[in-house]
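Novice: Got a predicted structure here, sequence first:
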2 protein chains.
Amino acid sequence: MSDPRQAARHRLAQFMEDKGKRNTRQRDLIVDIFLEAGGHLTLNELLRLVQERDDRVGFATVYRTMKLLAEAGVAEELRFGEGQTRYELAHADEHHDHLICQTCGKIFEFEDDEVEAIQDRIALRFGLKVTEHRHEIYGVCTKTDCEHLRAATELPQ
Amino acid sequence: MSDPRQAARHRLAQFMEDKGKRNTRQRDLIVDIFLEAGGHLTLNELLRLVQERDDRVGFATVYRTMKLLAEAGVAEELRFGEGQTRYELAHADEHHDHLICQTCGKIFEFEDDEVEAIQDRIALRFGLKVTEHRHEIYGVCTKTDCEHLRAATELPQ
DNA sequence: GTGCATGCAAACGCTTTGCAGTCTG
DNA sequence: CAGACTGCAAAGCGTTTGCATGCAC
């Protein structure tokens, strides 16, 4: 049960029950695909994947389901500079930030306690109490398979 | 000439000349207001300020002028989580990040070499060469005049 | 059966652009 | 006076919502 996907399913099931939400064919499918895909997808990318398995599902359902997952704490909304929202699996309790390759579009995750500590110190200096933060590092991937990945993930820019 | 506004005016004048751009009543007004206001304004906030002095100026002109300033390296586009673009005066050569108070909407700027250094190290670990980054710290302002500031800056949320 | 969920299409909010008329250099 | 600039209005684009219908419980 150290699988984050299993944990997510449990949390979601609990949330659904608590709130009197219903399980439907569409929701199940969307959740499955979101969990399998493993993150950083836009609504349209999700929709496309969903429709490969069931083309009767509409955009609004994917949209509302992802909002639901976000509310349940199972998904997190990410907004990079692209003008679209991406969704990733929320890792329980732990926070992480992102590195984005501007060539291939690949997104990496990182976590750094030192940065978090410095952050708190900086905020204090301005008289703020930190509630959340966003830290994105943009760069160029030096891996040789960069171009290949770009094609695979189909990210713009 | 350590005044960043003067520096900005010079840089802009140079850019205009190089590119064969023209000086107009509207552009002069928008630039004046942008430089005086001192940052972090949305297009609509700018438009409102501009129209207080000349209500014949349209939104598109403010929009295009700010794009021009961004292109000239005089303004920088900021996108926080609000769905609107804000513009701030670009400080020549130096980079800084932002602290945003979620209560009063006030925006502070900070700079931290240690974070930048850690960032480079993290990126290296993933095989990326950093081109730029974004670091936003959201928090709650503990200042007593927080609510007052909120009214003054008229930020949402 | 009740009322939550779906799918469509329309509304939104912000940004971007085409075009006819205006003004700078 | 050529062509860059303006203002308007319309188009784009991603997101959000109203509503009639469908379906889970």
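Specialist: Sure thing, it's come through.

Novice: For chain A, which segments count as helices?
Specialist: A:4-19, A:25-37, A:43-53, A:59-71, A:113-125, A:146-153 (DSSP state H).

Novice: Does DNA strand D have contacts with the longest one?
Specialist: Just to be clear, that refers to helix A:4-19. No. Judged by CB under 7 Å from any atom of the strand, helix A:4-19 makes no contact with DNA strand D; its nearest approach is 7.9 Å. Bear in mind the C-beta positions are built from the backbone N, C-alpha and C, glycine included.

Novice: Would you mind pulling the contact partners of that helix?
Specialist: With contacts defined as CB atoms under 8 Å, 6 or more residues apart in numbering or on different chains, helix A:4-19 is touched by A:1, A:21-23, A:31, A:35, A:69, A:71-74, A:89-92.

Novice: The same query, at a cut-off of 10 Å, please.
Specialist: Helix A:4-19 is contacted by residues A:1, A:3, A:21-23, A:27, A:31-32, A:34-36, A:38, A:68-69, A:71-75, A:89-92 when judged by CB atoms under 10 Å, 6 or more residues apart in numbering or on different chains.

Novice: and it, how far out from the chain's middle?
Specialist: The chain centre lies 16 Å from the centre of helix A:4-19; the measure is CA atoms, centre = their mean, to the nearest Å.

Novice: any low-confidence regions in chain A?
Specialist: For chain A, applying pLDDT under 70 flags the ranges A:1-2, A:143-157.

Novice: tell me which parts of it are close to DNA strand D?
Specialist: Checking chain A against DNA strand D by CB under 7 Å from any atom of the strand, the hits are A:22-25, A:42-44, A:59-60, A:63-64, A:67, A:83-85.

Novice: Report the buried members of these.
Specialist: By neighbour count, with 16 or more other CB atoms under 10 Å in any protein chain shown, the residues of chain A next to DNA strand D hold A:42-43 as buried.

Novice: If we check DNA strand C, which of the residues of chain A next to DNA strand D are in contact?
Specialist: When CB under 7 Å from any atom of the strand is applied, the members of the residues of chain A next to DNA strand D adjacent to DNA strand C are A:22, A:24, A:59-60, A:64.
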